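1. this one's sequence-less:
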């Protein structure tokens, strides 16, 4: 089964570049099958990692950044891949 973990944060005003750099520097204890990093308006940063694992497996996740760098707590979601129809 393929599981995707989504991590999304919103930077404090004017700190989107710093948050993006911080997210890209974060290393996980073990590497995912795939990892992609995105940015969006309002200084949002999104990281998606893919794993060959069960949905409820214990998987490493990116941590919370320093409170001064973000405007709110990080949002996290877990998804499982669905076979195409």
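-> Yep, it's here. Since we're looking at a predicted model, the values are computed, not measured.
2. which strands or helices does the helix or strand hosting residue 46 pack on?
-> In the assignment (DSSP states H and E), residue 46 maps to strand 44-52. For strand 44-52, the packing partners by 3 or more C-beta pairs under 8 Å, 6 or more residues apart in numbering; DSSP states H and E come out as strand 2-10, helix 16-25, strand 34-40. Just so you know, the C-beta spots here come from the backbone N, C-alpha and C atoms, and that holds for glycine as well.
3. now do it against strand 34-40, angle only.
-> With axes from the mean of the first three to the mean of the last three C-alpha atoms, to 10 degrees as the basis, strand 44-52 and strand 34-40 are set at 160 degrees to each other.
4. quick one: strands adjacent to strand 44-52?
-> Paired strands of strand 44-52, with direction, are strand 2-10 (antiparallel), strand 34-40 (antiparallel) (DSSP bridges).
5. show me how far the shortest one is from its chain's centre.
-> For strand 34-40, the distance between its averaged C-alpha position and the chain's averaged C-alpha position is 7 Å (C-alpha atoms, centre = their mean, to the nearest Å).
6. mind putting the helices and strands packed on strand 44-52 in CSV, mean pLDDT and mean neighbour count included?
-> What follows is the helices and strands packed on strand 44-52, written out as CSV (pLDDT from 0 to 100; neighbours: other C-beta atoms under 10 Å):
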stretch, mean pLDDT, mean neighbour count
strand 2-10, 97, 18
helix 16-25, 97, 16
strand 34-40, 97, 13
